[in-house]
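Undergrad: 3D model of this:
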Amino acid sequence: FESERASERARKRERESAMFSIQHHSTTTTTIMRAAPFTVGSGAASNRRLSYLNTFSTNNNNYIKTRRNSRREREGRRRMMPISAKYKSDLQTLENCVDSGQFDRPMMEELFTIADEMAKVKPGSKDSLMLQGYLMSTLFYEASTRTRLSFESAMGRLGGGIVSTESAGEYSSAAKGETLEDTMRTVESYCDIVVLRHFQAGSAAKAAKVMRAPLINAGDGPGQHPTQALLDVYTIQKEIGRLDGFKIALVGDLANGRTVRSLAMALTKFNDVEFLFVAPEVVKMKDDIKHFLDERGVKWSESTDLIATAKKVDVMYQTRIQKERFGDRLDDYEKAKGKFIINQSVMDALPDTACVMHPLPRVDEIDPAVDGDKRSAYFRQAQNGLFVRMALLKVLLLK
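TA: Coordinates of the predicted model:
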């Protein structure tokens, strides 16, 4: 008798449990109930629970798959959405950024207008999501602080994602002997745009030839650094208020400095710009840039008197002596380093309306004591790089 009462209580608890499931999963449980009504027997409750769990699991998996498919469809639609970004200049057809010679005056002026807009982008705004769904890969074979971080910040500020490797020469498959071309073909399959810094001149152009995704040259050894040139021209415009009719002194390591080479090429697109080269004998400006200027009728001269030069110019562009470019020629490095330093004496000679620029990092070629001078523009210059690179990412990804 006691055994029958215990069985009855057990069956009652099972019925109550089933009713509770019906209330919380009405659609699924109702289907189960119609297919398998309650029966009395030792295995009935277990069978009902197993049937319910199987059906719920199937429905739940279908729901997850549906959500995944919907997300993929949304991402696909976002990539395929018509973009309203239309450009008046040849920015509309720009596919890569390999050297500064690609940009004519209208392209730079339009890019700078976009950079001004990028400076106003606020976190959480509509514009801060314009590159949502896009991925950028930064592949740096040489050390970098400003260039790499500004590119990654630029992508992040516009809602994009970043795939990055540090010290690519050491930690990528290049250490195993993989060619640059094979690396770039592989990396572009993971992202929408690649930013490359390499130690060999011409490496960016070589990489761009085998790629379908846009490539930005973030510096190729002693060759080119186009985005630095663009942000430098943008900074000159901001600091002295014009891009025509001014004099600029390029100081320091002019033989190995890719920044000064790129800047010299970019400034030939403007009118009445005159160059003054101030460099130690072992790192003087190379003949290819001098010939480039001559062919375009651009004035240039050389000097070893920094203070006399400072009195004449509107822009003083200082660079460090790059020890890493000398290799075993340490004697030449010792001859070059510390020869031309911007200190208070140079600042006293510089006109009040002029500015001092530097691509950074500096070592000892600018005295930190002059950092507070209103004409010292190098940290503003670094910030401008963020806005120019935001603009360039928008141009290359949104057509």
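Undergrad: Can you give me the pLDDT of L196?
TA: Looking at L196, its pLDDT reads 94.
Undergrad: actually R68, not the one I typed
TA: 49.
Undergrad: For the protein, which element, helix or strand, carries the lowest mean pLDDT?
TA: helix 26-35 (a mean of 39; mean pLDDT, DSSP states H and E).
Undergrad: pretty sure V187 is touching V195, no?
TA: No - using C-beta atoms under 8 Å as the test, V187 is too far from V195 to be in contact (10.4 Å). In this view, the C-beta of every residue, glycine as well, is placed from N, C-alpha and C.
Undergrad: Mind listing the shared neighbours of these two?
TA: Residues touching both V187 and V195 (C-beta atoms under 8 Å, 6 or more residues apart in numbering) are S137, L139.
Undergrad: okay, these two: which has more neighbours?
TA: Remark: of V187 and V195, V195 carries more neighbours, 29 against 21, as counted by other C-beta atoms under 10 Å.
Undergrad: In which helix or strand does that one reside?
TA: strand 193-198 (DSSP states H and E).
Undergrad: mind listing what the residue positioned nearest the centre of the chain touches?
TA: Nearest residue to the geometric centre of the chain (C-alpha atoms, centre = their mean): F151, 2.3 Å. Listed by C-beta under 8 Å, 6+ apart, the contact set of F151 reads M136, T138, V195, I216, A218, R389, L393.
Undergrad: likewise V315?
TA: I236, E239, I240, F246, K247, I248, A249, A354, C355, M357 are the contacts of V315 under C-beta under 8 Å, 6+ apart.
Undergrad: In the stretch 251-399 of the chain, what residue spans correspond to strands?
TA: Using DSSP state E, counting those that start in this stretch, the strands assigned to the stretch 251-399 of the chain run over residues 273-278, 300-303, 315-318, 355-357.
Undergrad: Show me what the shortest one is packed against.
TA: I take that to be strand 355-357. helix 226-240, strand 315-318, helix 378-397 (3 or more C-beta pairs under 8 Å, 6 or more residues apart in numbering; DSSP states H and E).
Undergrad: got a list of contacts for that strand?
TA: For strand 355-357, contacts defined as C-beta under 8 Å, 6+ apart pick out 232, 235-236, 239-240, 314-318, 342, 347, 350, 366, 370, 373, 375-378, 381.
Undergrad: Just the buried ones from those?
TA: 232, 235-236, 239-240, 314-318, 342, 347, 350, 366, 370, 375-378, 381 (16 or more other C-beta atoms under 10 Å).
Undergrad: rewinding a little: can you name the helix or strand that the residue nearest to the centre of the chain falls in?
TA: helix 146-157.
Undergrad: how far away is V273 from F379?
TA: 24 Å (C-beta to C-beta, to the nearest Å).
Undergrad: of the two, who's got more company?
TA: V273 (23 against 11).
Undergrad: Just the pLDDT for that one.
TA: 98.
Undergrad: Surely it and F246 touch.
TA: Yes - with contact defined as C-beta under 8 Å, V273 counts as touching F246 (6.3 Å).
Undergrad: Got phi/psi on G159?
TA: phi 90, psi 0 (degrees, to the nearest 10).
Undergrad: likewise F246?
TA: Torsion angles, degrees, to the nearest 10, at F246: phi -140, psi 160.
Undergrad: which residues sit in contact with it?
TA: Counting by C-beta under 8 Å, 6+ apart, F246 touches I236, I240, D272, V273, E274, D314, V315.
Undergrad: From these, pick the one nearest M265.
TA: Closest approach between these and M265, by C-beta to C-beta: V273, at 11.6 Å.
Undergrad: Just give the number of residues close to the nearest residue to A229 once chain neighbours are set aside.
TA: Leaving out its chain neighbours, the residue that sits closest to A229 by C-beta to C-beta, 6 or more residues apart in numbering is S262, at 3.7 Å. Neighbour count of S262, defined by other C-beta under 10 Å: 27.
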